[in-house]
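I would like to see how this sequence folds:
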Amino acid sequence: LEDRIADAFATERLVAALLSGLGFAGVALAFLGLGAVINHHVRSQRRSIAIRLALGASYQGIIGAFVKRGATLAAIGAVAGTLLSLTLEPLLSSLLFGIEARDPRTLSGVAIAVILVATAAAWLPARRASRIDPAITLRP
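Predicted structure coming up:
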């Protein structure tokens, strides 16, 4: 009986595993894209960072400003994404199996993950950019 049940759900399990893998790949690509966008923003501000450093700004202040901006933008995006998923709940509930579309643990887990990744993505390039030499960067 167990073998017949397993055979009956084999196709559904394969499709679920395939879609889960594609979902994880999509999340990974989204996180990489988020990191790339924040990295580009920090790199485009190198001249501004050099001017701040030349005027006496602290390294921690510069890093903190970029981390705060990245975390704020990620929090806004997480709230917007949560509201959008709650709005589209009737459509999403037909696509989910074993979980509700309004599951607070999943919604909060994704929001926290996005904010943490955005904070880390902002911290790494900001730390690297705060170590620049203003004299070399501001040279004409």
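
Report the buried residues of the strand or helix carrying residue 129.
Element membership for residue 129, per DSSP states H and E: helix 104-130. Judged by neighbour count (16 or more other Cβ atoms under 10 Å), helix 104-130 contains these buried residues: 107, 111, 114-115, 117-127, 129-130. Heads up, the C-betas are built off the backbone N, CA and C, glycines and all.

which element follows the longest helix along the chain toward the C-terminus?
Assignment by DSSP state H gives helix 10-44 as the longest helix of the chain. Using DSSP H and E, the helix or strand that follows helix 10-44 in sequence is helix 46-54.

What angle do helix 10-44 and that following helix make with each other?
If you take axes from the mean of the first three to the mean of the last three Cα atoms, to 10 degrees, helix 46-54 sits at 50 degrees to helix 10-44.

Residues contacting stretch 123-136 from elsewhere in the structure, which ones?
38-39, 42-43, 45-46, 49-51, 53-54, 59, 62-63, 65-67, 70 (Cβ atoms under 8 Å, 6 or more residues apart in numbering).

Mean confidence (pLDDT) on it, please.
Taken as a whole, stretch 123-136 has a mean pLDDT of 84.

End to end on that stretch, go ahead and measure it.
22 Å (Cα to Cα, to the nearest Å).

One more: stretch 89-108?
Using Cα to Cα, one end of stretch 89-108 lies 16 Å from the other.

Next, the buried residues of that stretch.
Across stretch 89-108, burial judged by 16+ other Cβ under 10 Å covers 101, 107.

which residues sit against it?
16, 82, 85-86.

Now, of the residues you listed, which are buried?
By 16+ other Cβ under 10 Å, these give residue 85 as buried.

Kind regards, and thank you for your time.
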